[in-house]
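Chemist: Pasting the sequence and the predicted coordinates here, then a few questions.
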Amino acid sequence: MKSHKMNLCQFAIFLVAGFFTQTAMAQTTIYYLTPSSNVQAAVNTASSGDTLVFTNGTGGSYTAQVVTINKDLTLIGGSGSRPVISAMGAASVFVISSGVEVSMEYLEIEDADGQAGVVNNGTLTLDDCWVRDNIGLFGGIANLGGDLTLIDCDIFSNRSPSLGGGVTNAGGQVDASGNHIHLNVGYLGGGLHNSFGTANLTSNLFYNNHANSLGGGYSNHNIGGVVNSSGDSFTGNSATSCPMLYDVNLSPSCQ
């Protein structure tokens with residue numbers, strides 16, 4: 001397991017209104033949040049290039065309802081168990097604006113109902129994150145014309161009535177490696193739906209996903225969309241048609 005401990009010892013200021021701690025180092029600031037923190041307020045206070053650390057010292061989950069990130073930030077889970085960040089039934093947990101670069105590591109993102117757990121319009125990296133139990137138009141993660149990198153994530157138990165259950169890529173680029181994508185339910189692509197974009201998939205495990213139309217593992221049904229798959233595994237997926245995958249660029253397209 002990766003170590004997420006940080007040794008920073010310059011100075012700390014407790015901000016009463018936001019209930020988070022601030023540590024300055026070099027030209028960036030690191031904010032330590034607790035489950036009582038207002039996540040949007042912390043994002044608004046931070047400057048481009050800063051880091052938010054979600055600690056688990058007091059237990060409980062964070063509430064983050066449609067938190068908009070419109071600057072370059074890094075969000076990291078602290079040491080110990082993976083911090084839970086819940087939308088509590090709001091449309092999404094995080095929305096990444098166009099033109100910004102955001103990195104998230106060692107977080108558990110869940111309980112959105114409406115769009116997706118994470119909606120990306122910019123450049124986003126998810127590393128060692130769990131994205132689970134989100135319901136919405138785009139399933140667990142929506143990449144809407146942006147650049148999305150998924151590394152060693154667990155994406156599971158998400159649902160979409162119309163697109164991909166786990167991940168929906170609409171006109172952007174997804175680079176996914178070493179992920180577990182499982183137990184998701186979608187309409188087009190149980191695990192992943194690619195629409196007019198490019199999905200580069202390497203050594204991912206797609207298992208026990210279901211599509212109510214095409215492609216239990218993934219669907220790429222639009223001419224112009226490209227899925228490059230290398231070393232991926234597909235087991236136990238199901239669909240009304242094409243239980244493993246549907247890809248208009250392959251022959252046969254239905255597998």
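Modeler: That came through fine. Numbers count the residues shown, from 1 in each chain.
Chemist: that's a strand at Gln40, yeah?
Modeler: No: assessed with DSSP: H, G, I helix; E, B strand; the rest coil, Gln40 is helix; it does not lie in a strand.
Chemist: neighbours around it, how many?
Modeler: Counted by other Cβ atoms under 10 Å, the residues lying close to Gln40 total 15. All C-beta spots, glycine's among them, are computed from the backbone N, C-alpha and C.
Chemist: so what's it closest to, chain neighbours aside?
Modeler: Val67 (4.9 Å; Cβ to Cβ, 6 or more residues apart in numbering).
Chemist: Correct me if wrong: that neighbour contacts Val93.
Modeler: Yes: Val67 is within contact range of Val93, at 6.7 Å (criterion: Cβ atoms under 8 Å).
Chemist: Just list the residues touching Glu110, thanks.
Modeler: Glu110 makes contacts with Val84, Ile85, Ser86, Ala87, Val93, Gly117, Trp130, Val131, Arg132, Asp133, Asn134, as judged by Cβ atoms under 8 Å, 6 or more residues apart in numbering.
Chemist: Low-confidence bits of the stretch 1-150 of the chain, can you list those?
Modeler: Applying pLDDT under 70 to the stretch 1-150 of the chain flags residues 1-26, 57-60.
Chemist: quick one: contacts for the residue nearest to Gln40?
Modeler: Shown in contact with Val67 (Cβ under 8 Å, 6+ apart): Val39, Gln40, Val43, Val93, Phe94, Val95.
Chemist: Top of these by number of neighbours, please.
Modeler: Val93 (28 neighbours).
Chemist: My guess is it contacts Ala87. True?
Modeler: Yes: between Val93 and Ala87 there is a contact at 4.5 Å, judged by Cβ under 8 Å.
Chemist: list residues touching both of the two?
Modeler: With contacts taken as Cβ under 8 Å, 6+ apart, Val93 and Ala87 have Ala64, Gln65, Val66, Glu110, Asp111, Ala112, Gly117, Asn134 as neighbours in common.
Chemist: Identify the farthest-apart pair in those residues.
Modeler: Val66 and Glu110 (14.3 Å; Cβ to Cβ).
Chemist: Tell me, how many residues neighbour Gln115?
Modeler: Gln115, neighbours per other Cβ under 10 Å, totals 23.
Chemist: Wasn't it part of a helix?
Modeler: No: applying three-state DSSP, one finds Gln115 to be strand, outside a helix.
Chemist: Pull the contacting residues for it.
Modeler: For Gln115, the contact set (Cβ under 8 Å, 6+ apart) comprises Ala91, Ser92, Gly136, Leu137, Phe138, Ala142.
Chemist: how would you label the second one: helix, strand or coil?
Modeler: Read it as Ser92. Classification of Ser92 using three-state DSSP returns coil.
Chemist: how's this structure carved up into domains?
Modeler: Split into domains by automatic domain parsing, the chain comes to 1-133, 155-255.
Chemist: May I ask which helix or strand encompasses Asn169?
Modeler: strand 167-170 (DSSP states H and E).
Chemist: partner strands of the helix or strand that that strand is followed by, parallel or antiparallel?
Modeler: With elements assigned by DSSP H and E, the helix or strand that comes after strand 167-170 is strand 173-177. Strand pairing for strand 173-177, using DSSP bridges, gives strand 147-151 (parallel), strand 198-202 (parallel).
Chemist: now those in TSV, with distance to Ser162 and mean neighbour count?
Modeler: Below are the strands paired with strand 173-177 laid out as TSV (distance: least, Cβ to Cβ, whole Å; neighbours: other Cβ atoms under 10 Å):
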stretch	distance to Ser162	mean neighbour count
strand 147-151	19	20
strand 198-202	18	19
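Chemist: Put together CSV for the ones you listed, with distance to Gly186 on each row.
Modeler: Rendered in CSV, the data for these read as follows (distance: least, Cβ to Cβ, whole Å):
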stretch, distance to Gly186
strand 147-151, 16
strand 198-202, 14
